[in-house]
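Colleague: mind looking at a prediction? Sequence and model below.
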Amino acid sequence: EVQLVQSGAEVKKPGESLKISCKGSGYSFTSYWIVWVRQMPGKGLEWMGITHPGGSDIRYSPSFQGQVTISADKSSSTAYLQWSSLKASDTAMYYCARRVIPVGGTFGGWFDPWGQGTLVTVSS
Amino acid sequence: QSALTQPASVSGSPGQSITISCTGTSSDVGGYNYVSWYQQHPGKAPKLMIYEVSNRPSGVSNRFSGSKSGSTASLTISGLQAEDEADYYCSSYTGSSTLWVFGGGTKLTVL
């Protein structure tokens, strides 16, 4: 079974750092890019960025550029999302998902499957 | 890159059909066939329901169908069932610096 398993919920204080993870299994991790998506409480989905499975190419949404760091380690089949200094406004559910494209395709695609989500709560 | 426009809510009775629209621009929905739809039940992760405008993943009921005309994509659910009650999000590849954009989401209520 293809699945992405994310790390557990986190409660942090403003200014603290955090790194959450997303581990792929049941497929060739090196064949699919991973995306990160934010969902703030009661709100919709926002695309944050995408990483090559080896971490050699990472693209960010302008809204998140400089605010987070995305990385990946193919040796452990894991992608990461990290913050160096959390803010209360970072409180949200964060999802990773596998980006799928048609055979022979090089851009675009859709997201399947999704991880179960990691809830990040930032509060003093 | 602005979010795609979806109605905030739609409703229907069991057995009926509903359609959710997703309006973008020529830079996203109108420019690419990488439109996808996701279902999200409360407290759950999103689930892929439609990809490449109208394709259904294995395991998704054929009651779900997708289409596109110009810069507006649509998701139709026929034979509504109670289990279809959820939030639905459309998404499109954009090719811009924001590579993908989502719609604001539509809450489907099965009456």
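Modeller: Yep, that arrived. Since we're looking at a predicted model, the values are computed, not measured. Residues are numbered from 1 along each chain as shown, chains lettered A, B, ... in the order given.
Colleague: spatially nearest residue to the residue of chain B positioned farthest from its centre, not counting backbone neighbours?
Modeller: Farthest-out residue of chain B from its mean C-alpha position, per C-alpha atoms, centre = their mean: B:Ser97, at 22.5 Å. In this structure, B:Ser97 finds its nearest non-sequential neighbour in A:Pro62, 5.3 Å apart by C-beta to C-beta, 6 or more residues apart in numbering or on different chains. For every residue, glycine as well, the C-beta is placed using N, CA and C.
Colleague: does the one you found count as helix, strand or coil?
Modeller: Assigned by DSSP: H, G, I helix; E, B strand; the rest coil, the conformation of A:Pro62 is coil.
Colleague: so A:Gln116, which state does it fall into?
Modeller: Classified using three-state DSSP, A:Gln116 is coil.
Colleague: am I right that it is in contact with A:Val5?
Modeller: Yes: under the criterion of C-beta atoms under 8 Å, A:Gln116 makes contact with A:Val5 at 7.0 Å.
Colleague: any idea how far the spatially most central residue of chain A is from chain B?
Modeller: By C-alpha atoms, centre = their mean, the mean C-alpha position of chain A lies nearest to A:Trp36, the distance being 3.0 Å. Separation of A:Trp36 from chain B (C-beta to the nearest C-beta, to the nearest Å) stands at 11 Å.
Colleague: from what I can see that residue touches A:Glu46, true?
Modeller: No: counting by C-beta under 8 Å, A:Trp36 sits too far from A:Glu46 to count as a contact (9.6 Å).
Colleague: residues in contact with the strand ranked longest in chain B?
Modeller: Criterion DSSP state E: the longest strand present in chain B is strand B:86-93. With contact meaning C-beta atoms under 8 Å, 6 or more residues apart in numbering or on different chains, strand B:86-93 is reached by A:44-45, A:47, A:107-111, B:4, B:6, B:20, B:22, B:24, B:28-29, B:32, B:34-42, B:46, B:49, B:73, B:75, B:99-103, B:105-108.
Colleague: report the buried residues of whichever helix or strand comes after that strand.
Modeller: Using DSSP states H and E, the helix or strand that follows strand B:86-93 towards the C-terminus is strand B:100-102. Under the neighbour-count criterion of 16 or more other C-beta atoms under 10 Å in any protein chain shown, strand B:100-102 has B:100-102 buried.
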